[in-house]
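Colleague: Need coordinates for the below:
(one chain, ligands or ions: 2)
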Amino acid sequence: MNIKSTNKVILAIETSCDETAASVCINGKIYSNVIFQQEDHSNLGGVVPEIASRAHLKKINQVVSNSLEQANISITDVDALAIANGPGLMGSLLVGSGFAKGLASAHSIPMLPVDHLSAHIYAHFIDAPIPELPFACLLVSGGHTFIFEMNEKYQLSLIGKTIDDAAGEALDKCAKLMKLPYPGGPEIDRLSKMGNPNAFVFSKPKVADYNYSFSGLKTAFLNLIRNQEQKNPNFIEENLFDLCASIQKTIVDYLIEVFKKYLKYSQIRNIGISGGVAANSMLREAIANLGEQVDANFFIPDLSYCTDNAAMIAKAGDMQFDQLKTTEPNFEPYAKSPWKK
Ligand SMILES: Nc1ncnc2c1ncn2[C@@H]1O[C@H](COP(=O)(O)OP(=O)(O)OP(=O)(O)O)[C@@H](O)[C@H]1O
Ligand SMILES: [Mg+2]
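Modeller: Ligands and ions are numbered 1, 2, ... in the order given. So this is what the prediction gives:
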């Protein structure tokens, strides 16, 4: 179909880590959200950058074609290419932006470089109900733990962040210690349902202002396992469910505790969670409880918009269309983010 003259059509590409993804957004509505999840890393304990780049290269053409096809448009209908421009693995980002540059040059389409972390927050605006502004959001992903505030002009300010590891990273590392496959977060979520969350107690770190720290929790978990395994070599197997439930509860309680402190101070009454760890069932319940406690409206993105996806890149590109600097196809992926100084 030829829709170019009357509509704002955005094709988004996301290749920052181990998902090859593309999405089409027309006039603010998502028409396709194609994700190819690389499986090659699950027994390797984490994402191997070289393997990820090669897998993106293998799949990107098909993923982008499927995305256009599902939206029933062709590349000539596209007004802008929104590209996840970092943070992420440089080799993986290069595959996405290199592919987009080819499309941009061949079809004279401008490119919109989109910050991947901001896009996790913009995921809240894909489907109703969307948050009223100002909106405070806890971004808990694989590599980052941030508290953001979005003002009435949809601009983000960074309120707090982890001073070391991210919450997702801590979950993944604890899972690895228990010999669970990567990514460990979803495994811990699943196994926790059968465990006692109060079986093991870990003290929560104290960090100034609205910041977090997760590296001490990870070390406390490691020390517990090492000490107990000396007495009982089957300690992990015999206590797997309780270990998962206890570390998950500690991390979720801690995330909510600091966020609540900020909500009390700011009096913001529209709150949410974003990022891969926002898929966690206990955190989803906890944000709903927090909403009740502080009398706030709470927002949780659909599961498909929590972990990496291109729909959030498309939505961020759409909402920031006028502010984002559209570029000629010769921009370089910056791999960083405005939020990482
Ligand atoms: N159900 C779940 N429970 C807990 N953690 C989860 C769940 N599902 C996914 N995760 C975690 O989410 C993280 C991946 O999220 P995401 O895809 O947003 O991260 P990323 O893109 O790699 O990092 P970033 O966005 O910070 O660059 C992993 O740490 C994974 O373990
Ligand atoms: Mg992410």
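Colleague: For Val277, which non-adjacent residue is spatially closest?
Modeller: Val140 (3.8 Å; Cβ to Cβ, 6 or more residues apart in numbering). The C-beta positions use only the backbone N, C-alpha and C, and glycine is treated the same way.
Colleague: shouldn't that neighbour be in contact with Ala279?
Modeller: No. Look at Val140 against Ala279 with Cβ atoms under 8 Å: they stay out of range, at 9.6 Å.
Colleague: Give me the more crowded residue out of the two.
Modeller: Val140 (31 against 22; other Cβ atoms under 10 Å).
Colleague: The more buried one: what's it in contact with?
Modeller: Ala166, Ala167, Gly168, Leu255, Ile273, Ser274, Gly275, Gly276, Val277, Ala278, Leu283 (Cβ atoms under 8 Å, 6 or more residues apart in numbering).
Colleague: Now render the residues you listed as JSON lines, adding neighbour count and pLDDT.
Modeller: Converted to JSON lines, the contacts of Val140 look like this (neighbours: other Cβ atoms under 10 Å; pLDDT from 0 to 100):
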{"residue": "Ala166", "neighbour count": "23", "pLDDT": "97"}
{"residue": "Ala167", "neighbour count": "28", "pLDDT": "97"}
{"residue": "Gly168", "neighbour count": "26", "pLDDT": "96"}
{"residue": "Leu255", "neighbour count": "24", "pLDDT": "98"}
{"residue": "Ile273", "neighbour count": "27", "pLDDT": "98"}
{"residue": "Ser274", "neighbour count": "27", "pLDDT": "98"}
{"residue": "Gly275", "neighbour count": "27", "pLDDT": "97"}
{"residue": "Gly276", "neighbour count": "25", "pLDDT": "96"}
{"residue": "Val277", "neighbour count": "30", "pLDDT": "98"}
{"residue": "Ala278", "neighbour count": "25", "pLDDT": "98"}
{"residue": "Leu283", "neighbour count": "23", "pLDDT": "98"}
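Colleague: In strands, which of those residues appear?
Modeller: Ile273, Ser274 (DSSP state E).
Colleague: Within reach of ligand 1, which of the contacts of Val140 are there?
Modeller: Gly168, Gly275, Gly276, Val277 (Cβ under 6 Å from any ligand atom).
Colleague: returning to what we had before: give me the beta-bridge partners of the residue nearest to Val277?
Modeller: With DSSP bridges as the criterion, Val140 is bridged to Thr145.
Colleague: pretty sure Tyr122 is touching Met319, no?
Modeller: Yes. Using Cβ under 8 Å, Tyr122 is in contact with Met319, at 5.9 Å.
Colleague: Compare those two (neighbour count), which wins?
Modeller: Tyr122 (26 against 17).
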